[in-house]
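In: Okay, predicted coordinates and the sequence, questions at the end:
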Amino acid sequence: MTEIHRGDAPRVQPPGAAHDLDELSTVQLVERLTDQVTGLVRTEMTHALTEVKDKGTRFGIGAGVSGAGVLVLLYGFGALVATAILGLATALDPWLAALIVAAVLIVVGSVVAAVGARRAKNALPPVPERTANSVRTDVDTVKEGLR
C-alpha cells in the first residue's frame with residue numbers, strides 16, 4: 001500500500017516514481033488516489049482519537065490526584081477552623097467566634113470557587129489541535145495538487 005505522509009514527515013519518493021505515474025492509466029490513478037485519501041482519513045481519525053484519549057487520561061489522573069489532595073486539605077483546614085474558633089472564643093462568646101470564622105470561610109470559598117470555575121471553563125473543549133492542524137495542511141496540499 002502507498003505510504004501516508006504527515007505534514008511533519010519528510011516526503012521521500014522512490015527512484016523513478018514520477019516515471020511510474022506517467023505510465024498509469026486514469027483509472028489506475030483514480031484508484032490510487034482513492035486508496036491514498038481513504039488511508040489518509042483513517043490515519044487522521046486514528047491520530048485524533050489517540051490525542052483526545054491522551055488528553056482525557058491526563059485530565060482524569062490530574063483530577064483524581066487533585067481530589068485526594070483537596071480531601072487532605074479539607075481535614076487540615078477543618079482543624080485550623082476549630083483552632084480559630086477556640087482562639088476567638090477566649091475573647092468572645094463561642095457562638096460569635098464560630099459565626100465570624102464561618103463568614104470569613106464563606107467569602108474565601110466563594111472567591112476560590114469562582115476562579116476555579118473560570119479556569120475549568122477555559123480548558124474545554126479538549127480539541128485535538130495537532131490533528132486538526134495536520135488535516136488543514138492535508139486539505140491545503142490536496143487543493144494545490146488539484147490546481
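Out: Structure's in. What do you need?
In: now the helices for this structure?
Out: Per DSSP state H, the chain carries helices over the ranges 17-23, 26-89, 94-123, 129-146.
In: Where does the prediction get shaky in this protein?
Out: 1-19, 125-126, 147 (pLDDT under 70).
In: Quick check: Ile106 vs Gly116, distance?
Out: According to C-beta to C-beta, to the nearest Å, Ile106 and Gly116 sit 16 Å apart. From N, CA and C alone the C-beta is placed, and that goes for glycine too.
In: returning to that earlier point: would TSV of the helices of the chain with mean neighbour count be doable?
Out: Formatted as TSV, these follow (neighbours: other C-beta atoms under 10 Å):
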stretch	mean neighbour count
helix 17-23	9
helix 26-89	12
helix 94-123	11
helix 129-146	13
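In: Name all residues that make contact with Ile106.
Out: Shown in contact with Ile106 (C-beta atoms under 8 Å, 6 or more residues apart in numbering): no residues.
In: how close does it get to Ala98?
Out: In terms of C-beta to C-beta, Ile106 sits 12 Å off from Ala98.
In: Please apply the same query to Ala79.
Out: Taken as C-beta to C-beta, the span from Ala79 to Ala98 is 15 Å.
In: Repeat that for Thr50.
Out: For Thr50, the distance to Ala98 equals 53 Å [C-beta to C-beta].
In: Please apply the same query to Leu146.
Out: Taking C-beta to C-beta as the measure, Leu146 falls 75 Å from Ala98.
In: Same check on Val115?
Out: For Val115 relative to Ala98 (C-beta to C-beta), the value is 26 Å.
In: And for Val70?
Out: Distance of Val70 to Ala98, computed by C-beta to C-beta: 23 Å.
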